[in-house]
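Enquirer: Give the three-dimensional model of this entry:
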Amino acid sequence: MKSRNSLLLLMIAAIAVIPACATHRVAEQPAVVHANAHSGGSIVAFSQSGEVLASGGWEGEVRLWQASGNQQLSHWQAHTDSVNGIGFSADDRHIITAGYDAVLAEWDVQGRLLRKHATPSPITHMIVSNPAGRIVTGHADGVVRLWQLADLQLLDERQLHNGAVKAVAYSPVSRHYASSGTDGAVYTFLETGTAQPLESPPVDSWTLAFSPDGQTLYGGGWFRLFRWDLPSASLTVLPTRHLGIIKSVQYLDGRNELATISRQTDSAVYFLDPLSGEVRREFQQHDLCGAYIAVSADGRYLGTTSDDASVRIWRLQQPVDTVNHH
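Expert: Just a heads-up that it's a prediction; the model follows:
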């Protein structure tokens, strides 16, 4: 506890001298910037095809954007509070959303409500796994809940954290689930059996992502990446160039890179080496704290959102010379 408190004091001192959420660097520019897309951005996710980027904001709206151009395809009021999870069905015809209003809902791509489920507690994070046919939600009451994707039926709930869940993750290869919370704890579990605690990181892990083989779990906190080797249950802490909380991480299958975005005293967007934490590729940072990052499954597009209310798209397979504002 003493070392944890000392680290918190160091972070407070850093905040006092670092300009809020930004230290502007020259980096790869986005192909499209949708300014004022939300009152503040909270989540982004690509469709299975990679052709559509969905975004959600603090105000509860969901917007669908054409990834290859600059067109908004549709938008609707999905929740009465922040949208904290978006996922597409396998055929891209339906969209699952989760909100801090404690509602889990399914929509068509025009925003017509197909079904919804009121949950017992605000949803802080959600992921959708089409291979497993599962939805995983983390909640403000510290519970992780598993749902059947086909009909939004509750399958299991586990009281894992003494405080809110910060992030959830799932590996379709190892079939392991993972969660992290404001209590500093990180757990992995299967659909049957007892949840196993992992070694706690030095500070709370705000994000989680499995490697493609399911053998490694990544997280992020102040300045650093956390890497758990699951067979050995060992934790490695990696320094990075981030100057704030690493808020969102995605492991890029086929690239052997981690897409990351940070917040609080930084808004940097990087692709990092998963073994060293070193920057492999640097993208233009947001004007305010970063919120979420996503890369399409085919590797063609990068999408981000942040407190600055914008949604940004990079075309990764071709050079980008201009930025369009909408």
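
Enquirer: surely residue 109 meets residue 76?
Expert: No: shown here, residue 109 and residue 76 do not form a contact pair, counting by CB atoms under 8 Å, at 10.1 Å. Where C-beta positions appear, they are placed from N, C-alpha and C, glycine not excepted.

Enquirer: does residue 123 really touch residue 82, like I thought?
Expert: No: the criterion here is CB under 8 Å, and residue 123 misses it with residue 82 at 9.3 Å.

Enquirer: These two - which one has more neighbours?
Expert: residue 123 (27 against 24; other CB atoms under 10 Å).

Enquirer: Show the contacting residues for the more buried one.
Expert: 84-85, 98-100, 102-104, 137-140 (CB atoms under 8 Å, 6 or more residues apart in numbering).

Enquirer: Looking at those, which one is closest to residue 265?
Expert: Among the contacts of residue 123, residue 84 lies closest to residue 265 (CB to CB), at 22.4 Å.

Enquirer: All the strands of the stretch 151-300 of the chain, in order from the start?
Expert: Remark: strands assigned in the stretch 151-300 of the chain by DSSP state E, counting those that start in this stretch are 153-159, 165-170, 177-181, 186-189, 196-197, 207-210, 216-220, 224-229, 234-239, 245-252, 257-263, 269-272, 279-283, 290-295.

Enquirer: Which one of these lies nearest to residue 54?
Expert: strand 290-295 (9.1 Å).

Enquirer: Where does the prediction get shaky in the stretch 151-300 of the chain?
Expert: In the predicted model, the stretch 151-300 of the chain carries no residue with pLDDT under 70.

Enquirer: Give the burial count for residue 178, as a bare number.
Expert: With other CB under 10 Å as criterion, residue 178 counts 27.

Enquirer: List the contacts of it.
Expert: 168-170, 186-189, 208, 210, 217.

Enquirer: one more time with 7 Å, if that's ok
Expert: By CB atoms under 7 Å, 6 or more residues apart in numbering, the contact list for residue 178 reads 168-169, 186-188, 208, 217.

Enquirer: can you check residue 48 too?
Expert: Taking CB under 7 Å, 6+ apart, one finds 88, 90, 92, 297 in contact with residue 48.

Enquirer: I figured the last one was touching residue 51, is that so?
Expert: So that's residue 297. No: counting by CB atoms under 7 Å, residue 297 does not reach residue 51; the two are 10.9 Å apart.

Enquirer: Give the bridge partners for residue 188, please.
Expert: Counting by DSSP bridges, residue 188 is bridged to residue 178, residue 196.

Enquirer: unless I'm mixing things up, it is touching residue 196, no?
Expert: Yes: using CB under 7 Å, residue 188 makes contact with residue 196 at a distance of 5.4 Å.

Enquirer: Overlap of the contact sets of those two?
Expert: Common neighbours of residue 188 and residue 196, counting by CB under 7 Å, 6+ apart, are absent.
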